[in-house]
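In: Fold the following for me, if possible:
(chains A and B)
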Amino acid sequence: MSTPVLEVSDVRKVFVDKDFQTSVLKGVTFSLGRGEMVAMLGPSGSGKSTLLSILGTLMRPTSGSFRMLGRELTDMNEKALSEFRNQQIGFIFQYHHLLPDFTALENVLFPHAGRVGRETQAGRERAAMLLERVGMKDRMHYRATRLSGGQKQRVAIARALMNQPALVLADEPTGNLDRETADQAFALMQEIQRETGTTFLLSTHDRELAERCQRRIYLRAGVVVDQPPEAAAPAPAAPSLAAAAAASAGWRVIDGDRVAVVDHTVAFDRNAPAEDRRRTY
Amino acid sequence: MRFDLKVALRYLLSNRLQSALLIGGVAIAVMVYTFNAALINGLAEFQIQRVVGSSSHVTIEPAKIAPVLAPAADGAERLVVSQRALERREQIKQWRTVEQVIDTIPGVTGVSLNIIGTGLVSRGQQTLPVMLKGVEPARLSAIAPIDDTIVEGEPRLGLNDVLIGRKLAADLGIRVGQPIFITSEQGRERTLTVRGLYSTGVESLDGRLAYVNLDTARVMFDLPEGISEIEIKLADIYGAREIAKQLADTTGLEASAWMDKNQRLREALEGQGSSGSIIKFFTLITIIVGVASALLLTTYRRRPEIGIMRSFGISQNFVLSVFIIQGALIGVIGSLVGCALGWGFSTLLANITGASGRALPVDPALGQYQLALLLAATASIGAALWPARAASRIDPVEAISQ
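Out: Purely as a prediction, here's the structure:
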């Protein structure tokens, strides 16, 4: 593996809501090399989005450490994190999340102009260059609301690259696109990754796209596992069954898959092996 | 252009109706503020001019003669009762010197030396009390524009002449050229000829006050040397207090300014002023509530966008200033429009004359526009602080998943 851009070590995240504690990440350890394109797979609720939020410095882990470009980020203050995020991390979201009142160019320029306080000529040139690279040169001055889903995602890709980040975090970037558009968007990210040497971490449900990445990480019930979750996956347990079982045992139902007793949270993971299906946190 | 300004402008322009309503709201509040100021201040000025136009600005009177007392023992309480000296009449004997002092004061536009006293005026069976004011004929109109108020006869004061109000003349059933018999409080009697009738519109003056020649008054009130008061008129009426103090200090006499002599006027003005202040206060509250609630709604609607900005490492301060700038723009534009409307409305009303032939005493020049602008802009910025803080503290993870 090449020089690590990101080193994650035993990262844990526990959400506390009044009497309930939900442990989402239970000791995640992995690293990403410079210029790698890595897919992160895992069922819903396995902690992918939480992990991306932590890696994107939008959320702090409960414990553990992670280093980016050799810097420990867990003990950095908010202001420094914000600056670091601006310079080194780019985000691509499932729902593009462009700012609707701004043009494609302004959206791409935003991470730069918002930080330095004004639109610079150099910034505009780079934004225009990026839009040209993602094939959006003709629609540079279109408002975000006038673009199609695929076009918006292209602009979002360009925006993520604006400040030449070391790492781009993409949370199901093709999840909202049709097959063909998704393939195009993915191909674009791949090309850019190769050209720029930017590290990409993509969370996805799309097995086909994941196969096209250099490496895959599987996240299951808050830990990184070696095999694809589906390898040993049994038939999903119906949430209603879990709820019925809970009710008969006198437990309180939190939601379809989770029930609670006095001081434990019991989770049913549909994709977990039968013996693991009932977990007490 | 600053990028936060650009974003703030874009946000305001993206929801034109809301922005227009907000600016309109601030404009109306500022219009009410400035119109209210123009009306209250215009009315005050009108009342002041009416009072000071026909009265003295600084009045010099004899010093009160204080009794000389032996020092009291420590802690002892002492009650002193003194009867007004009957032998030593209060009068200004050194008026010539005082006049010289007055001559050195810049901004004095008129001086009148007066002898004031009371008396009874009779004609036939009728006897009425009058206030007699002895003035120098040449300075008859130095204080009140008596010349201009003469409705019959002429403003002339020979030694045997008297000018009386139209009401007194009516009460006595007398006309110009006829004689009246006057007895002073000192018991001196004189028959004077009515030379002219004046009408000031103020009943108490028109029915009670009679002007006589200063030398006639000297004889009637037994004041061969002194005078009762010196009245002074100033170019700048608001400098009266200072000049009164200066005169009191240099002459050792009592000198009082018009505002201290007209307790009732002052109370009226203060009353108007404080009711005006209440209205102004509530217009400012309206601005704060309006701007704050609208911007809070905007903050809520733009939560995901703010989350995105924050996720790209845009600082909290940037978000803060985007919202504060919106408040400031609404405040400044709204109050500029409001000032223009307030001025226009005041000017319109100042030029409309009612059935009485008089317009409302609105003075468009007294609308306190700079103050309104400053206060409204400050209120808008202040009102934006809370939403701005709320916006800058949005948690990006929560906002994006919204």
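In: Please work out how many residues are found near B:G344.
Out: Neighbours of B:G344 under the rule other CB atoms under 10 Å in any protein chain shown: 13. (C-beta placed from N, C-alpha, C; glycine too.)
In: Let me know the helix or strand that it is in.
Out: Following DSSP states H and E, one finds B:G344 within helix B:316-350.
In: can you list the residues of the stretch 1-150 of chain A near chain B?
Out: By CB under 8 Å from any CB of the partner chain, the residues of the stretch 1-150 of chain A that approach chain B are A:49, A:53, A:56, A:58-59, A:79, A:82-87, A:89-91, A:93, A:97, A:99-102, A:110-111, A:113-119.
In: 7 Å - rerun?
Out: By the rule CB under 7 Å from any CB of the partner chain, the part of the stretch 1-150 of chain A lying against chain B is A:53, A:56, A:58-59, A:82-83, A:85-86, A:91, A:93, A:97, A:99, A:101-102, A:110-111, A:113-115, A:117-119.
In: which ones among those residues are found in strands?
Out: Among those, the members falling in strands (DSSP state E) are A:F91.
In: Give the buried subset of the residues of the stretch 1-150 of chain A next to chain B as a ChimeraX selection command.
Out: The buried subset of the residues of the stretch 1-150 of chain A next to chain B, as determined by 16 or more other CB atoms under 10 Å in any protein chain shown, is captured in ChimeraX by this line:
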select /A:53,56,58,59,82,85,86,91,93,97,99,101,102,110,111,113,114,115,119
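In: ranges for the helices of chain A?
Out: A:48-55, A:78-88, A:104-116, A:121-133, A:149-160, A:179-196, A:207-211, A:239-248 (DSSP state H).
In: Stretch B:213-223: how far from the chain's middle?
Out: Put simply, stretch B:213-223 sits 36 Å off its chain's centre (CA atoms, centre = their mean, to the nearest Å).
In: ok, and what's touching that stretch?
Out: Residues outside stretch B:213-223 that contact it (CB atoms under 7 Å, 6 or more residues apart in numbering or on different chains): B:91, B:113, B:115, B:117, B:132, B:134-137, B:157-159, B:161, B:184, B:186, B:188, B:190, B:224.
In: Domain-wise, how is the chain divided?
Out: Just going to use chain A. A:4-232, A:239-280 (automatic domain parsing).
In: wait, I meant chain B there
Out: If you go by automatic domain parsing, chain B breaks into B:3-51+B:266-400, B:95-261.
In: Quick one: mean pLDDT over the shortest one.
Out: Yep, that's domain B:95-261 we're talking about. The average pLDDT within domain B:95-261 is 89.
In: Quick check on the residue of the stretch 51-200 of chain B found nearest chain A: phi, psi?
Out: Chain A sits closest to B:G107 of the stretch 51-200 of chain B, with a gap of 54.7 Å, by CB to the nearest CB. Main-chain torsions, B:G107, degrees, to the nearest 10: phi 90, psi 10.
In: these two touch, right, it and B:D236?
Out: Yes - judged on CB atoms under 7 Å, B:G107 makes contact with B:D236 at a distance of 5.7 Å.
In: what's near enough to touch residue 56?
Out: Since no chain was named, I'll use chain A. By CB under 7 Å, 6+ apart, A:G56 lies in contact with A:R85, A:I89, A:F91, A:L169, B:S311.
In: Chain B was what I was after
Out: By CB under 7 Å, 6+ apart, B:S56 lies in contact with B:I143, B:E231, B:I232, B:K233, B:W258.
In: so which of those residues comes closest to chain A?
Out: Of the contacts of B:S56, the one sitting nearest to chain A (CB to the nearest CB) turns out to be B:W258, at 57.5 Å.
In: thought that closest one was touching B:A240?
Out: Yes - assessed by CB under 7 Å, B:W258 is found in contact with B:A240 at 5.5 Å.
In: For B:L265, see how far away the residue of the stretch 51-200 of chain B closest to chain A is.
Out: Distance, B:G107 to B:L265, using CB to CB, to the nearest Å: 22 Å.
In: just B:A29 next, same as before
Out: Distance from B:A29 to B:L265, by CB to CB: 31 Å.
In: Give me the packing partners of the strand ranked longest in chain B, helices and strands only.
Out: Counting by DSSP E, the longest strand found in chain B is strand B:108-123. Contacts defined by 3 or more CB pairs under 7 Å, 6 or more residues apart in numbering or on different chains; DSSP states H and E place strand B:108-123 against helix B:95-103, strand B:126-135, strand B:179-184, helix B:214-220, strand B:229-234.
In: per-residue pLDDT, whatever residue of the stretch 151-281 of chain A ends up closest to chain B?
Out: When scored by CB to the nearest CB, the stretch 151-281 of chain A has A:R159 as its residue closest to chain B, at 7.7 Å. At A:R159, the model reports a pLDDT of 90.
In: List the contacts of it.
Out: With CB under 7 Å, 6+ apart, A:R159 has these contacts: A:N107, A:V108, A:F110, A:P111.
In: can you list these in CSV and add pLDDT?
Out: Below are the contacts of A:R159 laid out as CSV (pLDDT from 0 to 100):
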residue, pLDDT
A:N107, 92
A:V108, 92
A:F110, 89
A:P111, 89
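In: Among these, which one lies nearest to A:E125?
Out: Nearest to A:E125 out of the contacts of A:R159 is A:V108 (CB to CB; 11.3 Å).
In: who's in contact with A:L219?
Out: A:M40, A:G42, A:S46, A:G47, A:K48, A:L51.
In: The domains of chain A: which one's closest to B:V51?
Out: domain A:4-232 (58.1 Å).
In: re earlier: tabulate the helices of chain A in TSV, adding columns for distance to B:T298.
Out: Converted to TSV, the helices of chain A look like this (distance: least, CB to CB, whole Å):
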stretch	distance to B:T298
helix A:48-55	26
helix A:78-88	23
helix A:104-116	18
helix A:121-133	26
helix A:149-160	23
helix A:179-196	32
helix A:207-211	38
helix A:239-248	39
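In: Return the member of these having the minimum mean pLDDT.
Out: helix A:239-248 (a mean of 53).
In: doesn't B:L120 make contact with B:T127?
Out: Yes - under the criterion of CB under 7 Å, B:T127 makes contact with B:L120 at 5.4 Å.
In: Name the residue of chain A that lies nearest to chain B.
Out: Counting by CB to the nearest CB, chain A gets nearest chain B through A:N86, at 2.5 Å.
In: ok, now which ones touch that residue?
Out: Going by CB under 7 Å, 6+ apart, A:N86 touches A:P111, A:R115, A:N163, B:F312, B:G313.
In: correct me, but the second one touches B:R310?
Out: No - the pair A:R115 and B:R310 does not pass the contact test of CB under 7 Å, sitting 11.9 Å apart.
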